[in-house]
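Novice: With the sequence up front, the predicted model follows.
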Amino acid sequence: MALAPVTLLAGPLASLTVLVTLGYAGSAAAMYWLLRRHGASVLAAGLGGASAGLATGAAVALLLCAYGLWTQFHGPLAEHGPPGTSPTTATASARS
């Protein structure tokens with residue numbers, strides 16, 4: 001609800017961009033605060049916060065890349081059903 005004005009004024013893409021940017025900045029700030037609280041120097045906490053902010057983006061990119069590769073070769077995950085079932089069994093049980 002906090003981003004509703006951004007969405008209305010600039011559109012959903014701008015709202016998502018603001019949300020993602022605040023998420024990365026929040027991760028970096030939280031790590032900086034944690035490291036400073038536990039006695040790290042300002043430089044060490046700054047480097048730790050920066051690496052935590054960048055690592056968040058790298059993890060998201062890795063997950064999106066893995067899902068993109070999966071769908072490229074196997075189709076969407078929703079078509080496969082629960083683990084341990086074949087696609088035909090999952091489809092047949094969904095129909096009944």
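Specialist: Good, I have the coordinates.

Novice: quick one: low-confidence ranges for the protein?
Specialist: Low-confidence segments of the chain, defined by pLDDT under 70: 76-96.

Novice: Can you list the residue ranges for strands in it?
Specialist: Assigned by DSSP state E, the strands in the chain number zero.

Novice: residue nearest the centroid of it?
Specialist: Residue closest to the average C-alpha location in the chain (C-alpha atoms, centre = their mean): Val60, at 4.2 Å.

Novice: give me every residue that touches the residue nearest to Ala28 when sequence neighbours are not counted.
Specialist: Excluding the flanking residues, the one nearest Ala28 by C-beta to C-beta, 6 or more residues apart in numbering is Gly53, at 3.1 Å. All C-beta spots, glycine's among them, are computed from the backbone N, C-alpha and C. Contacts for Gly53 (C-beta atoms under 8 Å, 6 or more residues apart in numbering) come out as Tyr24, Ala25, Ser27, Ala28, Met31.

Novice: Out of the residues you listed, which end up buried?
Specialist: Tyr24, Ser27, Ala28, Met31 (16 or more other C-beta atoms under 10 Å).

Novice: which two in these are spaced the farthest apart?
Specialist: Using C-beta to C-beta, those span at most 11.1 Å, a distance reached by Tyr24 and Met31.

Novice: From Leu35, how far off is Gln72?
Specialist: Note on Gln72: its distance to Leu35, by C-beta to C-beta, to the nearest Å, is 39 Å.

Novice: typo on my end, it should be Leu43
Specialist: From Leu43 to Leu35 the distance is 10 Å (C-beta to C-beta).
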